[in-house]
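**Q** Give me the fold of what follows.
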Amino acid sequence: MRRDVLSLIVGWTMVAMLIPLSFSFLVTWWLDGLNTAAVAFLIPLVFSGLIGVAMLSIGVRSDTTERLRDREAFAAVALAWPVAVLVGSLPFWLGGVFHGPFTDGSAMADIARGFVNSWFESMSGFTTTGATVIEHSMSPNCIPGTTPDCINAQPKGILIWRSLTQWLGGMGIIMLGLMLLSRVLGGGMALARAELTGPSLSRLRPKLQETALALWTIYIILTALEIILLWSVGGMTMFDAFNHGLTTMPSGGFSTHDASIAYYDSYIVESIIICFMFLAGVNFTLIWLAWEKQWDKVFADQEGRSYVLVIVATTLFVFLALISQGSNLSEGFFDSLFTVVSIGTSTGYTNSDYMLWPVVTHIFLFLLMIVGACAGSTSGGLKLMRVKLGLKIAWREIGRIVQPKRVVQIRMNNEVVDNERLGLIVGMLFVWTGLFAISCIILAVTMPNSDFESVVAVVASALGNTGPTLGDYGPSNTWASMGTPSLLITSVLMWFGRLELMTALLLLHPRTWAREEREAPDRASVKLIRELFEKMEDKSNEKD
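**A** Below you'll find the model as predicted:
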């Protein structure tokens, strides 16, 4: 493992954080005053800048001809996320959203818990989970019985920063530097595979830099379009429209109000958000193909068709369940469609309390939390492509029991899926299942007062980066009632889920941190032989 490479990538991540931090500082100065802006953002700016420059100086390499290897790319991405989360947590802690060092009358225990809350909120933002711990019992800005809307009572600039963490996390903060890093180190595709969700990354353009630019172009255009529609058609204030635009396309779910989208009580607002949540769950490759009017490829995509089928079928089932419970047609339709799309894409907005729905609907919502939407989208979860291929593998193995000598090739979109990729998918599903079970046991110990449904749903929500869950932490509640150990554990699960387990778990493998000479003696030998040949050539040139 070349540690200078890790320093370089982590350093660039911290330097890149200066851009959104500076933007948030200026916005907070404008909306909340210079004092709030300085307290919340000056220290993070200085910290991120100094540490970033220091890491870059450590990471300067004399030999930049050797390409970035996959293990280094995955380890660098896995490490860069906690660094970004740490920097992102400081405005919440210092700016008074939670008890911090500048909060008057706060005890040390409150300040310590305030940092944990800030870390959790930042992790929930950058991983686009959308779970929050902002409520009256945790925020000094909210007075129980007096402050009706605790989230909306926070400084406006810090709320924009909160939304911005999700917008940056949705596409992947490392993608911001792909165009530069792939030129400096090479191996940019390895970085992209480590960063982006889904089993594979399709090049939209011939060069990786052009692919990154295409992805960000789609992302920015859809975000801007939603902001305009929510403001001009939906009737939101520009502040609310801007924040919800930033948190919809990344499948994030942070809102500026405690009641989430239910606050607006508007079918127009819900309809606009449903459309963009659905688009956020689509593979961005399909959106690009649709932009280029290659409709035959769009409609031929098996995962895309499965995505539409799952959303339509689940919505119909939930709608019928609500109608049987006595809901009227319009309310039942919008509640079921909005909730299914929100949970199915791991966005996590809520427009109603689905804990009051029939229990059978909770089973379907729970499965949606686990599965998620399409690979190559901003949603969380296992992804439909993995589940679909996993079912095909299971069906093939069942068939082999009857016909042991029969050779069956597994296909996706009329292409044969190679055994290496199938092995990765089986490994991913196995690791996910094991981690899910272990996490449920650990959380059951740290959350002794919660029931089985609450514990299992929290794990599914954290690993699936969904946000709202079932039981005690449903749509009407925050996660603030959790103890410190539970918040830290669930924040790690969010990190695992956002990086799809394998990238994060790679850090635990001893070979990842092996010295370069020990892990690849052949490369060291080749380098030595090359140097000997160069010396011999120099001597022959001197004789000539």
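
**Q** May I see the buried residues of the longest helix along the chain?
**A** Ranked by number of residues, the top helix in the chain under DSSP state H is helix 3-32. Buried residues in helix 3-32, defined by neighbour count with 16 or more other C-beta atoms under 10 Å: 5-18, 20-21, 24-25, 27-29, 31-32. The way it works is simple: take the backbone N, C-alpha and C, and place the C-beta from them, glycine included.

**Q** so how far is that helix off the chain centroid?
**A** 18 Å (C-alpha atoms, centre = their mean, to the nearest Å).

**Q** Can we start the residue count at 31 from this point?
**A** Will do, 31 is the new start, and the previous item becomes helix 33-62.

**Q** same for it, what does it pack against?
**A** helix 64-67, helix 73-88, helix 100-124, helix 186-201, helix 208-214 (3 or more C-beta pairs under 8 Å, 6 or more residues apart in numbering; DSSP states H and E).

**Q** Please name the nearest non-neighbouring residue to G275.
**A** I257 (3.5 Å; C-beta to C-beta, 6 or more residues apart in numbering).

**Q** tell me the SS of the one you found?
**A** Look at I257: counting by DSSP: H, G, I helix; E, B strand; the rest coil, its state is helix.

**Q** count of neighbours near it?
**A** Neighbour count of I257, defined by other C-beta atoms under 10 Å: 21.

**Q** Verify the contact between it and A271 for me.
**A** Yes. Between I257 and A271 there is a contact at 5.0 Å, judged by C-beta atoms under 8 Å.

**Q** Show me where this protein has its strands.
**A** Taking DSSP state E as the criterion, the chain carries its strands at 441-442, 445-446.

**Q** Would you mind measuring from I181 to D270?
**A** 11 Å (C-beta to C-beta, to the nearest Å).

**Q** Next, show the common contact partners of these two.
**A** 286-287 (C-beta atoms under 8 Å, 6 or more residues apart in numbering).

**Q** hang on, the earlier thing: could you look over the strands of the chain and pick the most buried one?
**A** Of all those, strand 441-442 has the most neighbours on average by mean count of other C-beta atoms under 10 Å, namely a mean of 14.

**Q** From the contact counts, what lies against it?
**A** Using 3+ C-beta pairs under 8 Å, 6+ apart, strand 441-442 sits against helix 414-432.

**Q** And for the helix it packs on, what's in contact with it?
**A** 228-229, 332-333, 336-337, 340, 401-405, 436, 438, 440, 442, 447, 452, 455-456, 458-459.

**Q** In the stretch 31-180 of the chain, where is pLDDT below threshold?
**A** 31-35, 89-103 (pLDDT under 70).

**Q** Same check on the stretch 431-574 of the chain?
**A** 532-534, 539-574.

**Q** now do 80
**A** Within the stretch 431-574 of the chain, the segments meeting pLDDT under 80 span 435, 530-574.

**Q** Tell me where it has helices.
**A** With DSSP state H, counting those that start in this stretch, the ranges of helices along the stretch 431-574 of the chain come out as 449-476, 482-493, 514-528, 532-535, 546-549, 551-573.

**Q** Who are the packing partners of the third one?
**A** What that stands for is helix 514-528. With contacts taken as 3+ C-beta pairs under 8 Å, 6+ apart, helix 514-528 sits against helix 100-124, helix 138-156, helix 449-476, helix 482-493, helix 532-535.

**Q** Which residue is the nearest non-sequential neighbour of C470?
**A** V489 (5.2 Å).

**Q** Could you check how far the one you found is from G429?
**A** 33 Å.

**Q** Comparing these two, which residue is more hemmed in?
**A** Remark: of V489 and G429, V489 carries more neighbours, 27 against 12, as counted by other C-beta under 10 Å.

**Q** wait, what's in contact with the more buried one?
**A** Here V489 is in contact with 466, 469-470, 473, 520, 523 (criterion: C-beta under 8 Å, 6+ apart).

**Q** tell me which of the residues you listed is nearest to Q355?
**A** Q355 has its nearest neighbour among these in C470, at 29.6 Å by C-beta to C-beta.

**Q** burial measure for that closest one, as a count.
**A** Neighbours of C470 using other C-beta under 10 Å come to 16.

**Q** T499 versus that one, what's the distance?
**A** For C470 relative to T499 (C-beta to C-beta), the value is 13 Å.

**Q** How about the contacts made by the most centrally placed residue in the chain?
**A** Centroid-nearest residue in the chain, with C-alpha atoms, centre = their mean: T157, separated by 3.3 Å. T157 makes contacts with 111, 199, 410, 495, 524-525, 527-528, as judged by C-beta under 8 Å, 6+ apart.

**Q** again, only using 7 Å
**A** Neighbour list for T157: 199, 495, 524-525, 527-528 [criterion: C-beta atoms under 7 Å, 6 or more residues apart in numbering].

**Q** Without its sequence neighbours, what residue ends up closest to F272?
**A** I257 (5.6 Å).

**Q** wait, isn't that neighbour in contact with F269?
**A** No. With contact defined as C-beta atoms under 7 Å, I257 and F269 do not form a contacting pair (10.6 Å).

**Q** can I get the contacts of V489 in JSON lines with distance to V146?
**A** JSON lines is the format used below for the contacts of V489 (distance: C-beta to C-beta, whole Å):
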{"residue": "F466", "distance to V146": "23"}
{"residue": "S469", "distance to V146": "18"}
{"residue": "C470", "distance to V146": "22"}
{"residue": "L473", "distance to V146": "16"}
{"residue": "T520", "distance to V146": "11"}
{"residue": "L523", "distance to V146": "15"}
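
**Q** from those residues, which two are the most distant?
**A** Across these (C-beta to C-beta), the longest gap, 12.8 Å, separates F466 and T520.

**Q** quick one: which of these two has more around it?
**A** T520 (27 against 17).

**Q** which residues touch the closest residue to that one other than its chain neighbours?
**A** Using C-beta to C-beta, 6+ apart and skipping the chain neighbours, the partner closest in space to T520 is A492 (4.5 Å). Residues in contact with A492 (C-beta under 7 Å, 6+ apart) are 159, 520, 523-524, 527.

**Q** Just among those, which is most surrounded?
**A** Going by other C-beta under 10 Å, T159 tops these with 35 neighbours.

**Q** what residues are up against that one?
**A** T159 touches 492, 495-497, 524, counting by C-beta under 7 Å, 6+ apart.

**Q** Recalculate using a threshold of 10 Å.
**A** 150, 153, 196, 199, 281-284, 376, 378, 410, 491-498, 509, 520-521, 523-525, 527-528 (C-beta atoms under 10 Å, 6 or more residues apart in numbering).

**Q** What lies in contact with stretch 129-149?
**A** Contacts of stretch 129-149 (C-beta under 10 Å, 6+ apart): 69-70, 73, 112, 115-116, 118-128, 162-165, 168-171, 509-510, 512-515, 517-518, 521.

**Q** okay, and for the stretch 181-330 of the chain, where does confidence drop off?
**A** 201-243.

**Q** how about the helices of it, start to end?
**A** Counting by DSSP H, counting those that start in this stretch, the helices of the stretch 181-330 of the chain are 186-201, 208-214, 218-225, 238-262, 268-278, 297-310, 314-321, 325-330.

**Q** I figured N449 hits I440, correct?
**A** Yes. Between N449 and I440 there is a contact at 9.1 Å, judged by C-beta atoms under 10 Å.

**Q** quick revisit: give me the spatial nearest neighbour of the residue nearest to the centre of the chain, chain neighbours excluded.
**A** In space, and not counting its chain neighbours, T157 is closest to R528: 3.8 Å by C-beta to C-beta, 6+ apart.

**Q** What count of nearby residues applies to the one you found?
**A** 24.

**Q** Just read off the phi/psi values of P388.
**A** Here is the backbone geometry of P388 (degrees, to the nearest 10): phi -60, psi 150.

**Q** residue contacts, L316?
**A** Contacts of L316 by C-beta under 10 Å, 6+ apart are 232, 309, 324, 327-329, 331, 333-334, 337, 404, 406-407.
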